[in-house]
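In: Structure of the sequence below:
(one chain, ligands or ions: 2)
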Amino acid sequence: MASSSAASASLPFDEIATTRVIARAYFDKFLAATECDVAIVGGGPSGLTAAWKLAEAGLNVALFERKLSLGGGVWGGGMTWNMLVVQEESRHVLDEAGVPLTEAQPGCFVADAVSVASTLASKACLAGAKIFNCMSVEDVMLRGEGPRARVTGLVINSSPVEIAGLHVDPVTIGCKAVIEATGHDMEVLRTLVRKNDVQLDTATGGVVGEKSMWAGRAETDTVLNTREVFPGMWVAGMAANATHGSYRMGPIFGGMLLSGEKVARELIARLQ
Ligand code: 48H
Ligand code: FE2
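Out: Ligands and ions are numbered 1, 2, ... in the order given. I've put the predicted structure just below:
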């Protein structure tokens, strides 16, 4: 007869205690995010890298992600072949995170997309970023008018409310800076421009829009385009290129990582 050494899972608390423990812990985390240093919209590679680096520097960081899972466009690699590539200049971010890389050809490193998504999410969480998945950002909070206007927070709602199309009003959190890292659609920046008579710091004064595939240009531009485009509002990742009218790069993720790193570095210098 096989002997079993498994410990029995006796339960020293009940269902009601479970409810209370979860509610308290959640709202402790949420209340600590209601006046944060940096609020990040979008948990793709750029948003997660920024969250990791900002939290590691000791800033109070909240990240809001519409979906249940963090990682954005990373998981599927190129066309669901779940591998992605990065170049020499950005490999240090994945090296530091502990993601294994293989040099497939000179200067071209390949990584497992699942490993990248899960590791960046883990680095951001463990560094202390407050992550709120299943939350959609539907607007920004503004203060001041004309040249004094400034983004001072985010208007958020539960994603199931958004998906069900329920008329439930959102709540608001305050922050010193917002990072718009929502990817190709740059949803939050578009909302700012659509609802308010504001000028962005771009070539046209508005959202220029993404161009077609040109990976070399796109990768260089992603980092250059990562900056403050409106007082209190920074763009990172694919949203940076789409805002400024640059190109796309397909499943090359080095620019996304460097963009997250750059926005974190600049905000640390600004806020610390
Ligand atoms: C809460 C939101 C909201 C909202 C969106 O798309 P992402 O992965 O973004 P990046 O810029 O970090 O990375 C881009 C990369 O994945 C990519 O698409 C590349 C390299 N493309 C090249 C090409 O040629 O196609 O992540 C954005 C995240 C997603 O998880 C969204 O669910 C989330 O933002 N999001 N979260 N409130 N309003 N809008
Ligand atoms: Fe994409």
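In: Might you report the residue contacts of the residue sitting nearest the centre point of the chain?
Out: Among the residues of the chain, the smallest C-alpha distance to the mean C-alpha position (CA atoms, centre = their mean) belongs to Gly47, namely 2.3 Å. Taking CB atoms under 8 Å, 6 or more residues apart in numbering as the criterion, Gly47 is in contact with 40-41, 63, 65, 72, 179, 181, 236-237, 260. Heads up, the C-betas are built off the backbone N, CA and C, glycines and all.
In: Okay, and which of the residues you listed map to helices?
Out: Secondary structure assignment (DSSP state H) places Gly260 from the contacts of Gly47 within helices.
In: Chain neighbours aside, what residue packs nearest to Arg66?
Out: Closest residue in space to Arg66, ignoring its immediate chain neighbours: Ser136 at 4.5 Å, by CB to CB, 6 or more residues apart in numbering.
In: part of a strand, is Leu142?
Out: Yes: secondary structure of Leu142 (DSSP: H, G, I helix; E, B strand; the rest coil): part of a strand.
In: ok, it to ligand 1 distance?
Out: Computed with CB to the nearest ligand atom, to the nearest Å, the distance linking Leu142 and ligand 1 is 17 Å.
In: Same question for His167.
Out: Applying CB to the nearest ligand atom, one obtains 18 Å for the distance of His167 from ligand 1.
In: Do I have it right that Leu63 meets Leu48?
Out: Yes: A contact is recorded between Leu63 and Leu48 when judged using CB atoms under 8 Å, the distance being 7.5 Å.
In: Look at these two and report which has more neighbours.
Out: Each of Leu63 and Leu48 had its neighbours counted (other CB atoms under 10 Å), and the higher figure belongs to Leu48 (35 against 31).
In: so what's that one up against?
Out: If you count contacts by CB under 8 Å, 6+ apart, Leu48 has them with 63, 70-71, 120-121, 123-124, 260.
In: Tell me the secondary structure at the closest residue in space to Ser115 that isn't next to it in sequence.
Out: Nearest residue to Ser115 in three dimensions, chain neighbours excluded: Val99, at 5.3 Å (CB to CB, 6+ apart). In the three-state summary, Val99 is assigned as coil, counting by three-state DSSP.
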